[in-house]
Structures are given as C-alpha cells and as structure tokens.
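Participant: sequence-free structure coming up:
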C-alpha cells in the first residue's frame, strides 16, 4: 500500500469530518478520478451522498491483476471502470470533467 501511516490517519479524520457534515445536513459530493483505489475509496471517497466519476476511470479497492491472481478467474469485461461501478450501484453519475462544474452546481441547488 503506497499510503503511509500519516496518510491513513488523515483518511480516518476526513471520514469523521464527513460524519459531522452529515449530522449538520450538509451534502458531500464525491468526485472520483482515474485512478481512485485502495484506502481512498474504502474511506472518504466512498462516503458521498452523491458519487460522480469521470468516464473510464479505474475505481476499486485493489487492482484487477491482484484480484485475478487471487480468485484465479477472469474478471467481467470493464471490471472496475466507472461505467461498471455505475451499473452496479457504486457510482451515481459518470460525466466528463468539462461538465463537472455545471453538474455539481445543479446538484447543490437540488440538495439545498
């Protein structure tokens, strides 16, 4: 894992801060870029009220090669892409970065 101990603790602190946002009814929109993996996804990146990802982003806990070697099976086509994760309920919206600003503005308007 490339995150050091200090980084791992910051992920826990960020997750705690998101809990306080939730208690205050303040929305958290998570934006996942390529790649979003490991502890980042398992902690704060996966906690969004709404989760947005860029097209074809690699999103998962560990890479496809490690999973393939562990389970000794081929993975489904497109496994761990943003589109695959949207299809399976992890991601709400897949959009290009150029549409990100206007999409987040609309979402904040809806949520406020």
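Facilitator: Received the coordinates, thanks. All figures in this text were calculated on a predicted structure; none of them were measured in a lab. Residues are numbered from 1 along each chain as shown.

Participant: quick one: low-confidence ranges for this structure?
Facilitator: Counting by pLDDT under 70, the chain shows low-confidence ranges at 1-3.

Participant: for it, which segments count as strands?
Facilitator: 29-32, 36-37, 50-53, 59-60, 93-94 (DSSP state E).

Participant: in TSV, list these along with distance to residue 17 and mean neighbour count.
Facilitator: In this view, the C-beta of every residue, glycine as well, is placed from N, C-alpha and C. Putting the strands of the chain into TSV (distance: least, C-beta to C-beta, whole Å; neighbours: other C-beta atoms under 10 Å) gives the following:
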stretch	distance to residue 17	mean neighbour count
strand 29-32	13	20
strand 36-37	19	20
strand 50-53	17	22
strand 59-60	22	23
strand 93-94	23	18
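
Participant: need the ones you listed in CSV with distance to residue 101, can you?
Facilitator: Putting the strands of the chain into CSV (distance: least, C-beta to C-beta, whole Å) gives the following:
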stretch, distance to residue 101
strand 29-32, 11
strand 36-37, 19
strand 50-53, 11
strand 59-60, 21
strand 93-94, 13
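
Participant: residue 79 is nearest to which of those?
Facilitator: strand 59-60 (8.0 Å; C-beta to C-beta).

Participant: now for that closest one, which elements pack on it?
Facilitator: Strand 59-60 is packed against strand 36-37, helix 82-87, with contacts defined by 3 or more C-beta pairs under 8 Å, 6 or more residues apart in numbering; DSSP states H and E.
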